[in-house]
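Enquirer: Provide a 3D model corresponding to the input given below.
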Amino acid sequence: MKTIACYSIKGGVGKTAAAVNFALTAAEDGNRVLLIDLDPQGASSFYFRVKPSSKLKAKLFLSEQEKLRQNIRASDYANLDILPANLSYRNFDVMFKQMSRSKHQLRKVLKSLKSDYDLLLLDCPPSISLLSENVFNAADLVLVPVIPTTLSERTLGQLWRFFKDNDYDTRKICPFLSMVNYRTRMHKDVSERLHKDYKRVLQGYIPLSAEIEKMGAQRAPIFAYARNHIAAKCYQMMWSELRNRIEAL
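Expert: Model (predicted):
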């Protein structure tokens, strides 16, 4: 079982859209996938029409493995299950601070799912916190969507320095370009600079697309309503590239 986190310090960069679409693409590729929504906003759960659990509070998530399993929900798609978010997840950091080995608790919880799934995909809230550090320890790869703009580029640099300063393995960081519009000079320039400065940037990219924005109104991954659109094909091509990275772990 591999654990992949969709994570960014910065919000609004296409993180949840990527988590949702990669989860479905991986499932259609024959993997048993569990998408775990760690963001108290619950956007991934919303896209899959899965209601947030009123029972699985943050404390139970970390301490009751049987309760965790009972709250896993089947999606409308083969091989893909969802563990929906709960608003109480905003308290994760408080819970972690009260526990020994506070930066390793999530990894311990996820190990209990090892026999049931080939891939765990974590949709993470945009922050840098104890939850984030738990994600860094638990994940085999940390997928980081980066809009080719100065501020988004800056937050990738902040994440890279945080990993180095705190002895996390920077090889886990797997940036990819998101919401790209190559008709603008800035997007071209920043994209070229990112590929030069960060050798592990995925070659594929996700375009800026109205079809992706429709996911909220459709409450579905893009493949459910626009499978043949170029944006859907970009997710599929990027998954192929990402799969090779996972297999090399």
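
Enquirer: The chain: strands as residue ranges?
Expert: 2-6, 33-37, 73-74, 80-83, 119-123, 141-146, 173-180, 205-207 (DSSP state E).

Enquirer: any chance of these in JSON lines, plus mean pLDDT, mean neighbour count and distance to residue 50?
Expert: For every residue, glycine as well, the C-beta is placed using N, CA and C. As requested, the strands of the chain are exported to JSON lines (pLDDT from 0 to 100; neighbours: other C-beta atoms under 10 Å; distance: least, C-beta to C-beta, whole Å):
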{"stretch": "strand 2-6", "mean pLDDT": "97", "mean neighbour count": "24", "distance to residue 50": "17"}
{"stretch": "strand 33-37", "mean pLDDT": "96", "mean neighbour count": "27", "distance to residue 50": "8"}
{"stretch": "strand 73-74", "mean pLDDT": "93", "mean neighbour count": "12", "distance to residue 50": "5"}
{"stretch": "strand 80-83", "mean pLDDT": "96", "mean neighbour count": "24", "distance to residue 50": "5"}
{"stretch": "strand 119-123", "mean pLDDT": "97", "mean neighbour count": "26", "distance to residue 50": "12"}
{"stretch": "strand 141-146", "mean pLDDT": "98", "mean neighbour count": "26", "distance to residue 50": "21"}
{"stretch": "strand 173-180", "mean pLDDT": "97", "mean neighbour count": "22", "distance to residue 50": "24"}
{"stretch": "strand 205-207", "mean pLDDT": "97", "mean neighbour count": "20", "distance to residue 50": "23"}
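
Enquirer: Could I get those strands in CSV, plus columns for distance to residue 194?
Expert: Formatted as CSV, the strands of the chain follow (distance: least, C-beta to C-beta, whole Å):
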stretch, distance to residue 194
strand 2-6, 18
strand 33-37, 27
strand 73-74, 36
strand 80-83, 31
strand 119-123, 23
strand 141-146, 6
strand 173-180, 7
strand 205-207, 10
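
Enquirer: Of those, which is nearest residue 66?
Expert: The minimum distance between residue 66 and the strands of the chain falls on strand 80-83, with 13.6 Å, by C-beta to C-beta.

Enquirer: Mind listing the strands the closest one pairs with, and their directions?
Expert: strand 33-37 (parallel), strand 73-74 (antiparallel) (DSSP bridges).

Enquirer: Give the other helices and strands that the helix ranked longest in the chain contacts.
Expert: Assignment by DSSP state H gives helix 230-247 as the longest helix of the chain. On a contact count with 3 or more C-beta pairs under 8 Å, 6 or more residues apart in numbering; DSSP states H and E, helix 230-247 meets strand 2-6, helix 15-28, strand 141-146, strand 173-180, strand 205-207, helix 210-213.

Enquirer: want to throw these into CSV with distance to residue 80?
Expert: Formatted as CSV, those follow (distance: least, C-beta to C-beta, whole Å):
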stretch, distance to residue 80
strand 2-6, 14
helix 15-28, 4
strand 141-146, 17
strand 173-180, 21
strand 205-207, 20
helix 210-213, 19
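
Enquirer: contacting residues for residue 107?
Expert: 134, 137, 138 (C-beta atoms under 8 Å, 6 or more residues apart in numbering).

Enquirer: for residue 204, that is, sorry about that
Expert: 176, 234, 237, 238, 241.

Enquirer: Worst mean pLDDT across the helices and strands of this structure, which element?
Expert: helix 58-63 (a mean of 70; mean pLDDT, DSSP states H and E).

Enquirer: how near is residue 127 to residue 9?
Expert: Distance of residue 127 to residue 9, computed by C-beta to C-beta, to the nearest Å: 7 Å.

Enquirer: let me redo that: residue 93
Expert: Counting by C-beta to C-beta, the gap from residue 93 to residue 9 is 15 Å.
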